[in-house]
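K.L.:
have a look at this prediction, sequence included:
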Amino acid sequence: MKIRKTRSDNRTVYKYQSVDGSVCILTAGHDGVSELDIKKLHSLDDSEVNRNNNNLRPKRTKVEKKMIEEWKQEFIKKFKERHGYEPNEQDVNYFVEEVFPRNYNLSIDSQLIDFDKSKIGLLTSEEATEDFYWSDRMQEAMDKLTDKQKEVISLVFVDGLKQNEVAEKLGISAPAVNKHLSKAKDIIKNNL
């Protein structure tokens, strides 16, 4: 299962690897292979990669997001009534994933492998909690960010929201989200 596209500087030839591990290299002008054939093969591979990546980390639909947001508010309200304080965001996100699991697609040969479905989350970075996701060096760099920048980084990279969804959630404009995100990236790059 391919999850990475072929680099653009390696697209002048097409390399096909068979099941036994042997590699067949197709070159334009040899054996009746044209540049268009090679381009078409890379295009088919790109489509496969896109499908595989979309299936590994499915996005939530608008209806799901709305249901989850309503459930979160109700969960926080009940938790606060019961315990006297609001739960932290990681706990809420954990329970969201428990109550609203994602519909992962597995490959056809997944039945041939003794595969524990609870391990699917390990295949994607989207399922990682903030504590697990950030390394010590990354956490040190994150400490240098403003609260708003941390929140934007977390919503984009941990929760997987798009910038316009982050803007809507935080009640700020999309360009402001982009500004916070780019400044945060610069700070992180300079401190790693």
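P.N.:
Received the coordinates, thanks.

K.L.:
run through this protein and note the low-pLDDT ranges.
P.N.:
By pLDDT under 70, the weakly predicted segments of the chain are 1, 57, 103-134.

K.L.:
could you chop it up by domain?
P.N.:
In terms of domains, the chain is parsed into 8-56, 59-127, 134-192 (source: automatic domain parsing).

K.L.:
just say which of those domains is most tucked in.
P.N.:
Across these, the average number of neighbours (mean count of other CB atoms under 10 Å) peaks for domain 134-192, which reaches a mean of 15. For glycine as for every other residue, the C-beta is placed from the backbone atoms N, C-alpha and C.

K.L.:
pull the distance from that domain to the chain's centre.
P.N.:
15 Å (CA atoms, centre = their mean, to the nearest Å).

K.L.:
now do stretch 71-86
P.N.:
Its chain's C-alpha centre and that of stretch 71-86 lie 28 Å apart, by CA atoms, centre = their mean.

K.L.:
how about the strands of the protein, start to end?
P.N.:
Residue ranges of the strands in the chain, as given by DSSP state E, are 13-17, 23-27.

K.L.:
strand partners (parallel or antiparallel) of the last one?
P.N.:
Read it as strand 23-27. strand 13-17 (antiparallel) (DSSP bridges).

K.L.:
and the strand it pairs with, C-alpha only, in CSV?
P.N.:
C-alpha atoms of strand 13-17 as CSV (Å, rounded to 0.1, in the frame of the first residue of the first chain):
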residue,chain,number,x,y,z
VAL,A,13,11.2,6.6,-15.5
TYR,A,14,8.7,4.3,-13.9
LYS,A,15,9.8,1.6,-11.4
TYR,A,16,7.5,-1.3,-10.9
GLN,A,17,8.3,-3.6,-8.0
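
K.L.:
run through who's touching that strand.
P.N.:
23, 24, 25, 26, 27, 28, 37, 38, 41, 42 (CB atoms under 8 Å, 6 or more residues apart in numbering).

K.L.:
of all the domains of the chain, which one is nearest residue 2?
P.N.:
Nearest to residue 2 among the domains of the chain is domain 8-56 (5.2 Å), distances taken as CB to CB.

K.L.:
still on that earlier bit, okay if I get the domains of the chain as JSON lines plus distance to residue 2?
P.N.:
Shown next, in JSON lines, are the domains of the chain (distance: least, CB to CB, whole Å):
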{"stretch": "domain 8-56", "distance to residue 2": "5"}
{"stretch": "domain 59-127", "distance to residue 2": "11"}
{"stretch": "domain 134-192", "distance to residue 2": "22"}
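
K.L.:
residue 167 is in contact with residue 176, correct?
P.N.:
Yes. Assessed by CB atoms under 8 Å, residue 176 is found in contact with residue 167 at 7.0 Å.

K.L.:
all helices of this structure, in order?
P.N.:
For the chain, the helices defined by DSSP state H cover 35-56, 62-83, 89-99, 130-133, 136-142, 147-153, 163-170, 174-191.
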